[in-house]
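1. Fold the following.
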Amino acid sequence: MIFAYKDLLETNPRAFLVLVGAVVTALLVGITVHEFSHAFAATRLGDPTPRYRGRLSLNPLAHLDPVGTMLLFMVGFGWGKPVEVNPRLMRGDPKTNMALTAAAGPLSNLVVAALAGLAIKLDVVPWRSPFNVPNLAYWSADDYLGLYLSSIVLFGILLALFNLTPLWPLDGFSVAVGILPRDLSQELERVRLWGPGLLLLFLFGIPFLTGWNPFFDLLRPAVNGVASLLTGVGDPNVFG
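-> Numbering: from 1, shown residues only. So this is what the prediction gives:
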C-alpha cells in the first residue's frame with residue numbers, strides 16, 4: 001500500500017514521510033485498540049479468557065500478527081491476532097454477548113477516528129485525504145498536520161467498516177448472527193465457511209479478472225459519509 005505513494009515521494013518527500021508516519025500510526029493504533037476492545041468487552045461480560053491470554057493490554061506486541069501486519073502495509077489487507085473468547089463463560093445470551101464483543105472492535109476504531117477528526121472539525125487544520133493528496137506549491141505546518149490527522153481518521157473508518165462486513169471471520173458476521181432473527185441467523189451460520197472464499201473473491205478475484213473492485217465501490221459512499229460526519233467537511237472526496 002505504501003508503494004502507491006511513490007509519486008508523492010518524488011514531488012514532496014516531506015509529505016510522503018508524514019503520510020507514512022500517519023499510516024503506521026493509524027494501523028498500529030487501529031489494530032491495537034480494535035483487539036484490546038474485543039478483549040475488554042469480553043472481560044466485562046464475564047469471560048476471563050482474554051486476561052489469561054495477555055490480551056487485555058494496549059501493548060501493540062500483544063495484538064499484532066507478523067504476517068497480517070506486513071500484508072496490511074504492503075497491500076492494504078491484513079489482520080491482527082484474533083482475541084480468544086469463551087461465550088459460555090459470559091453472563092446472558094451467548095449470541096448477544098458475541099455480537100457485543102465483536103462490535104466493540106469496529107466501534108473503537110470509529111472513536112479513534114472521531115478523536116483525530118476533532119481538530120479538522122474545529123477548523124484548526126485542513127482536511128487532506130491521503131488518497132487524494134493535493135500538489136500544493138507550498139505546504140504549511142497545518143497542511144502536514146492535517147494530512148497526518150486525516151489519514152488516522154480515514155484508516156480508522158476503513159478498519160471499522162471493513163470489519164463490519166457480515167462475512168466470517170470478520171466481526172460483522174458475529175454482529176449479524178447476534179442481532180438477526182433466529183431463522184436468518186441460522187441461515188447465516190450455515191454459510192459461514194463461504195466467508196473467506198467470498199472475501200478473497202471480492203478483494204482480489206473480481207478486480208483481477210475485471211478491473212472492477214466491488215468492495216471498494218460499496219464502501220466508497222459509506223466512507224465518505226462517515227468521514228464527513230466526523231470531520232465536518234461537506235465533501236471530503238476521500239478517494240478523489
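2. Now do the buried residues in the helix or strand Ala160 falls within.
-> Of the helices and strands defined by DSSP states H and E, Ala160 is found in helix 141-163. Using 16 or more other C-beta atoms under 10 Å as the test for burial, helix 141-163 gives 143-163. (Each C-beta comes from the backbone N, C-alpha and C, glycine too.)
3. That one - what's its average pLDDT?
-> Mean pLDDT, computed over helix 141-163, is 91.
4. What is the subsequent helix or strand relative to it?
-> Sequence-wise, the next helix or strand downstream of helix 141-163 (DSSP H and E) is helix 171-179.
5. Give me the helices and strands touching the helix holding Ala160, please.
-> Helices and strands touching helix 141-163, by 3 or more C-beta pairs under 8 Å, 6 or more residues apart in numbering; DSSP states H and E, are helix 13-44, helix 94-121, helix 214-231.
6. tally of neighbours for Val111?
-> Neighbour count for Val111, taken as other C-beta atoms under 10 Å: 14.
7. now it: how far from Val153?
-> 11 Å (C-beta to C-beta, to the nearest Å).
8. which ones are touching the spatially most central residue of the chain?
-> Geometric centre of the chain, nearest residue: Leu159, 0.8 Å, by C-alpha atoms, centre = their mean. If you count contacts by C-beta atoms under 8 Å, 6 or more residues apart in numbering, Leu159 has them with 27, 30-31, 34, 106, 109.
9. same thing but 10 Å
-> Leu159 sits next to 26-27, 29-31, 33-34, 72, 80, 105-106, 108-110, 112-113 when contact means C-beta atoms under 10 Å, 6 or more residues apart in numbering.
10. swap in Ile120?
-> So Ile120 contacts 126-128, 145-146, 149-150, 153, 227, 230-233, 236 (C-beta under 10 Å, 6+ apart).
11. Compile those into TSV and extend it with columns for distance to Leu56.
-> As requested, the contacts of Ile120 are exported to TSV (distance: C-beta to C-beta, whole Å):
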residue	distance to Leu56
Pro126	38
Trp127	35
Arg128	35
Leu145	33
Gly146	34
Leu149	28
Ser150	31
Val153	27
Ala227	31
Leu230	27
Thr231	31
Gly232	34
Val233	36
Pro236	35
